[in-house]
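Chemist: missing the sequence, but the structure's below:
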């Protein structure tokens with residue numbers, strides 16, 4: 001089947017690099033609407049990601065590079081597209097970057113118990129954090145704005161992408177839960193090391 005159809009699950013990955021280390025945020029969306037071309041869907045996803053991550057530019061260390069965006073059609077087991085970020089290149093915070101394992105965490109709730117989206121936002125500069133470890137007021141507001149953008153659907157020309165948490169079929173049925181609300185933590189989380197390609 002060519003293109004993306006209603007009911008398809010899309011997995012898309014926002015890729016970054018810092019100090020030669022690859023960092024990722026992984027998202028899922030449920031497609032609603034009529035069939036759309038892969039190129040159109042990819043462009044809408046890229047625009048959605050740019051809008052969300054632009055909110056964090058003042059806090060991202062200048063050592064962070066926006067690497068690429070990759071999108072897959074999980075339902076059809078097919079690559080939708082891979083390309084550079086449309087316009088974003090580097091972070092704008094000129095202060096020293098926080099250690100790689102330190103990330104600001106946003107939790108997104110879904111209608112299902114024990115089902116949530118967890119996004120670790122890497123590479124903030126030291127000036128975005130108070131001496132006690134909490135986010136400064138401006139950074140906290142920026143993370144809140146980022147979370148609000150993530151809660152918005154992806155708008156395409158003839159389709160809508162509902163963003164949420166997807167449980168891959170294994171010993172349990174597949175399940176998709178739309179993100180309902182976001183919880184922004186005022187202090188960093190320590191991101192444990194994971195296997196390459198599993199996201200941050």
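Modeler: Perfect, thanks for sending it. Since this is a predicted model, take the numbers as computed values, not measurements. Numbers count the residues shown, from 1 in each chain.
Chemist: average model confidence for the longest helix along the chain?
Modeler: Counting by DSSP state H, the longest helix found in the chain is helix 38-54. Averaged across helix 38-54, pLDDT comes to 97.
Chemist: what does the next helix or strand after it contact?
Modeler: Later in the chain than helix 38-54, the nearest helix or strand by DSSP states H and E is strand 64-73. Strand 64-73 has contacts (CB atoms under 8 Å, 6 or more residues apart in numbering) with 4, 8-18, 22-23, 38, 41-42, 45-46, 49, 53, 78-85, 88-91, 97, 122-123. In short, each C-beta sits where N, CA and C put it, glycine included.
Chemist: likewise for stretch 125-135?
Modeler: Residues contacting stretch 125-135 (CB under 8 Å, 6+ apart): 58-62, 91, 93-98, 104, 136, 138-140, 143, 186-188.
Chemist: from the contacts of strand 64-73, which ones fall inside helices?
Modeler: Per DSSP H, the subset of the contacts of strand 64-73 in helices is 38, 41-42, 45-46, 49, 53.
Chemist: in this structure, which residue is closest to the centre?
Modeler: Compute the mean C-alpha point of the chain, and by CA atoms, centre = their mean the closest residue is residue 25, 4.4 Å away.
Chemist: that one touches residue 52, doesn't it?
Modeler: No. Between residue 25 and residue 52 there is no contact under CB atoms under 8 Å: 9.4 Å.
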